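Participant: Pasted the sequence and its predicted model underneath.
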Amino acid sequence: MSRLCLPACISGLITAMGLAGVSQADEPSFNTVRIDDRNYVNLADVARYYEFNRNWTQEGLNVALRSKLKWKKLDLRIDSCDGKVNGVRIWLNHSPLENRNSVLISEVDVRKTLDPVLRPWAVRKKKVKTVMIDPGHGGEDRGARGKRGSTEKHLTLDLAMRVEKLLKEAGFKVVMTRRRDTYISLEDRSELANSSDADLFVSLHFNSVANSKQPQGVETYCLTPVGLSSTGSIRQRFGIANFDKEPGNAFDYQNMLLAYLVQQRLLAGVPKVEDRGIKRARFFVIKATEIPSILIENGFLSHPVEEKRILTSAHRNKLAVAIVEGIKKYAELMNPS
Ligand SMILES: [Zn+2]
């Protein structure tokens, strides 16, 4: 639940949308209301700007916006960061609020989370010719382990090789952070990306959780924007912002668009996969890398059924195909003919 004291503490301050930091080529501008030192936008204005139907549906706390031709969908839940854009789960940085018969959504979520997905054509173009693939872990760092004996470091390398082959077939140049079972530090991985001619960085991992067989599914991470806290962190729970600007923050919009396209293709192309959403984190390899970057958690080795699936070559091939489809779609948007 929201901790805000509505509506008494609404300052009513109306400002134009700020353009601090890296911005879109053609930044939207909204009136905002300021609540607890945070700017919020009225959902009616968001609906108008992104050409959703004026009358959205609201059942309890669930709000559903649809475009006239229904190709664009936005599903939000009041007092929850758990949302969906075009059917893909996206974790917002702040919960939408209900106030005086209006629904409010934080300005930073409109700009940094929704805008790159709803207006991909406005994301600053940077051609994609070379892709760096980073198989997580290696050598003494084995990563997660499953009950059936699966080891993350071997599975990430196997998946990376499949992605590399498909990317090359699609005409991309591919650079790998490792091709063998060797240890490479996180710093060295980012350094390799920054000293190469790579245009994108994609880190591959498999997940695991101790003492629970429950969680399963795929999640794609992109870097947390400046002034925000990462998804599900203690800082987020207590509303504590982090104002450190990382090199990867120069690509906030590209990072989000790439994460969305890859997560969307994973959901569409891999059977039985659960959608854990697009999340924010400050993992070293996505924050220190000076090109658009994402980190994909391709499933849980700690989930007995998912581990069994991941151990099949057919499943890993479907993961690879979906990841490459996402990268190809991103490259198409970046390299318009
Ligand atoms: Zn890992």
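Facilitator: Cool, got the structure.

Participant: Around the ion, pick out the residues from the protein.
Facilitator: Residues of the chain lying close to the ion by CB under 5 Å from the ion are 136, 143, 205. Placement of C-beta: from N, CA and C, glycine included.

Participant: Mind checking which of those residues are in strands?
Facilitator: Residues of these located in strands (DSSP state E): H205.

Participant: Most neighbours of all the residues of the chain next to the ion, which one?
Facilitator: With neighbours taken as other CB atoms under 10 Å, the top of the residues of the chain next to the ion is G136, carrying 29 neighbours.

Participant: okay, and for this protein, where does confidence drop off?
Facilitator: 1-25, 237, 337 (pLDDT under 70).

Participant: In it, what residue comes closest to the ion?
Facilitator: Residue of the chain nearest the ion, by CB to the ion: H205 (3.4 Å).

Participant: Chain neighbours aside, what residue packs nearest to that residue?
Facilitator: Of all residues not flanking H205 in the chain, G136 sits nearest, at 4.1 Å (CB to CB, 6 or more residues apart in numbering).

Participant: Quick check: phi and psi at the one you found.
Facilitator: When quoted as degrees, to the nearest 10, the phi and psi of G136 stand at phi -60, psi 150.

Participant: Let me see the contact set for it.
Facilitator: 143, 152-153, 156, 203-206, 295 (CB atoms under 8 Å, 6 or more residues apart in numbering).

Participant: just S212 next, same as before
Facilitator: Applying CB under 8 Å, 6+ apart, the residues near S212 are S302.

Participant: can you confirm it is in a helix?
Facilitator: No - S212 sits outside any helix when classified using DSSP: H, G, I helix; E, B strand; the rest coil, being coil.

Participant: Give me the phi and psi angles of it.
Facilitator: Dihedral angles for S212 - degrees, to the nearest 10 - are phi -150, psi 140.

Participant: Kindly report the same for D134.
Facilitator: When read as degrees, to the nearest 10, the backbone of D134 gives phi -120, psi 100.

Participant: per-domain residue ranges of the protein.
Facilitator: Domains of the chain are assigned by automatic domain parsing as 33-122, 130-334.

Participant: mind checking the SS state of the most centrally placed residue in the chain?
Facilitator: Compute the mean C-alpha point of the chain, and by CA atoms, centre = their mean the closest residue is I278, 3.6 Å away. On the three-state scheme (three-state DSSP), I278 is labelled strand.

Participant: so it bridges to which residues?
Facilitator: Under DSSP bridges, the beta-bridge partners of I278 are I90, T220.

Participant: Report the buried residues of the top helix by length along the chain.
Facilitator: Looking across the chain with DSSP state H, the single longest helix is helix 313-334. Buried residues in helix 313-334, defined by neighbour count with 16 or more other CB atoms under 10 Å: 315-316, 318-331, 333-334.

Participant: Stretch 66-82 now?
Facilitator: Using 16+ other CB under 10 Å as the burial criterion, the residues of stretch 66-82 that qualify are 66-67, 72, 74-78, 81.

Participant: what separates it from the chain centre, distance-wise?
Facilitator: 17 Å (CA atoms, centre = their mean, to the nearest Å).

Participant: same thing with stretch 295-307?
Facilitator: Chain-centre distance of stretch 295-307: 18 Å, with CA atoms, centre = their mean.

Participant: separation between N55 and R66?
Facilitator: 10 Å (CB to CB, to the nearest Å).

Participant: on that earlier part again, kindly format the C-alpha coordinates of the longest helix of the chain as CSV.
Facilitator: Backbone C-alpha positions of helix 313-334 (Å, rounded to 0.1, in the frame of the first residue of the first chain) are rendered in CSV as follows:
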residue,chain,number,x,y,z
SER,A,313,19.0,-28.8,-26.2
ALA,A,314,15.6,-28.0,-27.8
HIS,A,315,14.7,-25.6,-25.0
ARG,A,316,18.1,-23.8,-25.1
ASN,A,317,17.8,-23.5,-28.8
LYS,A,318,14.4,-21.8,-28.4
LEU,A,319,15.9,-19.4,-25.8
ALA,A,320,18.7,-18.5,-28.3
VAL,A,321,16.3,-18.0,-31.2
ALA,A,322,14.1,-15.7,-29.1
ILE,A,323,17.1,-13.7,-27.8
VAL,A,324,18.3,-13.2,-31.4
GLU,A,325,14.9,-12.2,-32.6
GLY,A,326,14.8,-9.5,-29.9
ILE,A,327,18.2,-8.2,-30.9
LYS,A,328,17.3,-8.3,-34.6
LYS,A,329,14.1,-6.2,-33.9
TYR,A,330,16.1,-3.7,-31.8
ALA,A,331,18.7,-3.5,-34.6
GLU,A,332,16.0,-2.9,-37.2
LEU,A,333,14.7,0.1,-35.1
MET,A,334,18.3,1.4,-34.8
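
Participant: Right, I'll call it a day here.
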